[in-house]
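Any chance you could fold what I've pasted below:
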Amino acid sequence: MNILIKKLKQKCLNSNKEILLKNLAIQTFGNASQRINLDKFIIKPSGVNLKKIKSSDLVIVNILTGKKINSKLKPSSDTETHRILYKKFPKIKGIAHSHSTFLTSWAQAGKPIPNLGTTHSDYWKSEIPITNDLKKKEIYKNYELNTGKLIIDLLKKKKLSVETCPGVLSKHHGAFAWGASSDEAVKNLEAMEFIAKLAFYTIIIGNKNRISKTLINKHFFRKHGIKKYYGQ
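The predicted structure follows:
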């Protein structure tokens, strides 16, 4: 096996395990993938026990065709969602998905997560947006692919980039996050869950003072801008 692919498979396996270690998923609900190049990515097999599989068991998928490459195992059921995002956004190098408690609660409520403070602003300039409902025909045919297409449509409609919006809610479903690698995608997913939890409690306590755009921009760009300097 190519040394680079071997390393990326191990990275991807570690990222999938991190989803469980960070309590972002139960059983086999979550998944993470890692881009290899413009044409291929790695994803975990469908429904496997992460404690028992080896990195060599992970599946390589062709981004253009969706076909798996040299594997007897079936890739994750969410593979087509990952694939269409990789195809549309070359800057995405890793993707993570889960049905974590607070993110899924917001997704099931059909509500975006409002930006209520600086913790949120360290990762997202905007609210964490949510996709529209899938149409009946989109559910019956190519469900996972259409889930990804709704994410693409959402980013386009909101005029958001994958750099300023590292994750979204999939309505009634869960959350997808991305980044410069599979491990960064999982970190963004973890941050996203924490932000969802903070927003939930803030609204319960009673939020009367909205954060200013000036403070949002300050916190986002000190961490992600050209002159970034943030670190704790």
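
the helices in the chain, which residues?
For the chain, the helices defined by DSSP state H occupy 3-21, 79-88, 101-109, 118-121, 136-140, 143-158, 182-205, 213-224.

Pretty sure Leu215 sits against Thr119.
No. With contacts counted by CB atoms under 8 Å, Leu215 stays clear of Thr119, the gap being 11.6 Å. From N, CA and C alone the C-beta is placed, and that goes for glycine too.

per-residue pLDDT, the closest residue to Lys111 other than its chain neighbours?
Spatially, and ignoring its direct neighbours in sequence, Lys111 is nearest to Ile130 (6.6 Å; CB to CB, 6 or more residues apart in numbering). At Ile130, the pLDDT value in this model is 98.

One more: the one 10 residues further on?
Tyr140 carries a pLDDT score of 95 in this model.

out of the helices of the chain, deepest packed?
helix 79-88 (a mean of 22; mean count of other CB atoms under 10 Å).

so what's the closest residue to Gly174 other than its chain neighbours up against?
Nearest non-adjacent residue to Gly174, counting by CB to CB, 6+ apart: His99, 4.1 Å away. His99 is in contact with Ala25, Ile26, Phe29, Gly30, His173, Gly174, Ala175, counting by CB atoms under 8 Å, 6 or more residues apart in numbering.

can you put those residues in CSV and add distance to Lys197 and pLDDT?
Shown next, in CSV, are those (distance: CB to CB, whole Å; pLDDT from 0 to 100):
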residue, distance to Lys197, pLDDT
Ala25, 15, 88
Ile26, 17, 83
Phe29, 18, 81
Gly30, 17, 89
His173, 18, 96
Gly174, 15, 96
Ala175, 13, 97
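
what's the burial count for Asn207?
14 (other CB atoms under 10 Å).

dump the residue contacts of it.
Leu116.

Ok, Ser98 next?
Ile19, Leu24, Ala25, Phe29, Gly30, Gly174, Ala175, Leu189, Glu193.

Let's see that with 10 Å instead.
19-20, 22-26, 29-32, 104, 174-177, 186, 189-190, 192-193 (CB atoms under 10 Å, 6 or more residues apart in numbering).

Could you do Arg35 as well?
Arg35 neighbours (CB under 10 Å, 6+ apart): 8, 12, 41-42, 63, 82, 86, 90-95, 178, 180-182.

Tell me the bridge partners for the residue nearest the centre of the chain.
In the chain, the residue lying closest to the centroid (CA atoms, centre = their mean) is Ala177, at 1.6 Å. Going by DSSP bridges, Ala177 is paired in beta bridges with Ala96, Gly167.
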